[in-house]
Structures are given as structure tokens and as C-alpha cells.
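Peer 1: sequence first, then the predicted structure:
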Amino acid sequence: QVQLVESGGGLVQTGGSLRLSCAASGRTGSNFGMGWFRQAPGKEREFVAAVTWNGGSTRYADSVKGRFTISRGNAANTVYLQLNTLKPEDTAVYYCAASSFISQWTMSHSSSYDYWGQGTQVTVSS
């Protein structure tokens, strides 16, 4: 089994920044494609950003493009999400996800992912 652990969430003012981290442990025999999703109260979970196993391709939701940056860490199966210029509408629980295989065409779909973290809360105050 694979476990994903997120960290880095918190409370920040509008315009502020946060950096989320996610690390996979357990049966991580291969490099995963990894992504971030978020779910705000009363809303469905939505795609935020993703990166392929080798970092060769990334994809962002239009709502975060130019403000958020996803990157892979030096350690295998770690991923970061840098959140800049935060807005109140970015408030949500952010989930890390890992996939045995994602492509630039499938990385925005939650069904493409095999493993999910427990989530970390990001709250942006106005």
C-alpha cells in the first residue's frame, strides 16, 4: 500500500503565499505521476495541478494558472505546490494524489489517480 502525507496548509491573508508538500511512502517501487486537487465547502473536488512522473509535463487549472506552481522534489515521489497571490476563493482542503500512470491528457481527472492523501486545509482571509 502507498500512503500520501500532505503538509504546509494554514491560514493566510489575501495576497499571501503558502507551500504545500506531499510525500509518498510504502510500496513506492516506481515513480508516480502526482497531482493536487481541492475541495471547498459545499463544492465538488476540483483539479488544481499535476506533474508527470519525470516532471516532463505539468498542467494547471485555469483558476490557478500563473499563481500556483507544482514541482517535484529531489526525493522520489515527493511533490510541492507553491501557492502565490492567494485569494479567498482558494480556501479549500487540498489533496495530494498519486498515479501509476498519467499523461498530459489524463492528469486533470481524479479517476486517473490510485492513491490519495488525507488533505491539508488552506484558508485565505479577506
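Peer 2: Done, it's in. Numbers count the residues shown, from 1 in each chain.
Peer 1: for the residue most central in space within the chain, which non-adjacent residue is spatially closest?
Peer 2: Central residue check for the chain by C-alpha atoms, centre = their mean: the C-alpha nearest the mean position is that of Trp36, 2.0 Å away. Computed as C-beta to C-beta, 6 or more residues apart in numbering, the closest residue to Trp36 that is not its neighbour in sequence is Val48, at 4.3 Å. Just so you know, the C-beta spots here come from the backbone N, C-alpha and C atoms, and that holds for glycine as well.
Peer 1: show me the contacts for Asn77.
Peer 2: Asn77 makes contact with Ala23, Ala24, Thr28, Asn31, Phe32, Met34, Ala98 under the criterion C-beta atoms under 8 Å, 6 or more residues apart in numbering.
Peer 1: any regions of the protein where pLDDT drops low?
Peer 2: 29 (pLDDT under 70).
Peer 1: residue boundaries of the strands in it?
Peer 2: Counting by DSSP state E, residue ranges of the strands within the chain are 2-7, 10-13, 18-26, 33-39, 46-51, 58-60, 68-72, 78-83, 92-99, 115-116, 120-125.
Peer 1: pull out the buried positions in the last one.
Peer 2: When burial is assessed from 16 or more other C-beta atoms under 10 Å, strand 120-125 yields the following buried residues: Thr120, Val122, Val124.
Peer 1: do the longest one as well
Peer 2: For strand 18-26, a neighbour-count test (16+ other C-beta under 10 Å) marks Leu18, Leu20, Ser21, Cys22, Ala23, Ala24 as buried.
Peer 1: what helices or strands is it leaning on?
Peer 2: Of the remaining helices and strands, those touching strand 18-26 by 3 or more C-beta pairs under 8 Å, 6 or more residues apart in numbering; DSSP states H and E are strand 2-7, strand 33-39, strand 78-83, strand 92-99, strand 120-125.
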